[in-house]
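Novice: kindly return the folded structure for what I paste below:
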Amino acid sequence: MKLHKSNRKARPRLLWIIALAAVLLVGFYARYWSALESLPHRVQSRLVAHNGIPVTLSQVSPWFTKALIATEDRSFYHNWGISFEGIGRALIVDISTGTFAQGGSTITQQLIRDLLLSPKKTIPRKITGSLLSLMATVLYSKQQILTMYINEVYLGSNSYGIGRAAQTYFGRSALRLTPAQATLLAGLPQAPFLLDPKTHYQSARARQWDVLQSMVSDHLISPAAARTIFGMPIHLGS
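Specialist: Down below sits the predicted model:
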């Protein structure tokens, strides 16, 4: 009899919790939806502010986009803007180290972080970023998200977007990047200052090898092709 009364008391509490969660989600949606709708404008503003060169996916070497996805977010075309595997891995590292240094972010989460959120790594920011990434996946297609990302991502040497980076490093359009050049640039989003090939060439090359190995793991290229591409000349501009 006591157990039955306890269940009756717990039921209203559960309903209140569900109602509160629903109100919070509605409030979150109302607060951020307009900001999400402004993402294309924010990308354009960033390009203008930093003398960027806007590009479409068809104006970029397929080597770059394939290498980028293999390295930064291999489940990009199948996930909902977040990777539960990446979140779990990052959470384990954060807890074990007592920091929030581990990324685990998808391309969508990186786009949201760059344009809408503070760069400071905190649990509330990570939760907000995950929710916004889910919403962005509903609002935009994968092609739209990838296009926005490759136009706004910072790639070192004051280069925002692949269009400007291709010109800065190699003096050519993003479409004319060689496999070696494209895979080198695809590794830069991880740490654009420390991997800038103009100032940290060997680190950038080591990162390029990691990118190529990611492509091998995803069966995009063979191990022999990875070695061939890594041996190609880079020809950095002055």
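Novice: now Ser130: which helix or strand?
Specialist: Using DSSP states H and E, Ser130 sits in helix 123-139.
Novice: now that helix: average pLDDT?
Specialist: For helix 123-139, the mean per-residue pLDDT is 87.
Novice: could you do stretch 196-204 as well?
Specialist: For stretch 196-204, mean pLDDT rounds to 96.
Novice: list the contacts for Leu155?
Specialist: Neighbouring residues of Leu155 by CB atoms under 8 Å, 6 or more residues apart in numbering: 161-162, 164-165, 185, 188-189, 192. To be clear about C-beta, it is placed using only N, CA and C from the backbone, and glycine gets the same treatment.
Novice: send the alpha carbons of the helix holding Ser130 over as CSV?
Specialist: Output in CSV follows, covering the C-alpha atoms of helix 123-139 (Å, rounded to 0.1, in the frame of the first residue of the first chain):
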residue,chain,number,x,y,z
ILE,A,123,30.2,22.3,-20.5
PRO,A,124,27.3,24.7,-21.0
ARG,A,125,28.9,25.9,-24.3
LYS,A,126,29.3,22.3,-25.4
ILE,A,127,25.7,21.5,-24.6
THR,A,128,24.5,24.6,-26.4
GLY,A,129,26.7,23.8,-29.4
SER,A,130,25.3,20.3,-29.6
LEU,A,131,21.7,21.4,-29.5
LEU,A,132,22.3,24.1,-32.1
SER,A,133,24.1,21.6,-34.4
LEU,A,134,21.0,19.3,-34.2
MET,A,135,18.8,22.3,-35.2
ALA,A,136,21.2,23.3,-38.0
THR,A,137,21.0,19.9,-39.5
VAL,A,138,17.2,20.3,-39.7
LEU,A,139,17.4,23.8,-41.2
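Novice: what helices or strands is that helix leaning on?
Specialist: Judged by 3 or more CB pairs under 8 Å, 6 or more residues apart in numbering; DSSP states H and E, the packing partners of helix 123-139 are helix 2-37, helix 107-116.
Novice: good, wrapping up.
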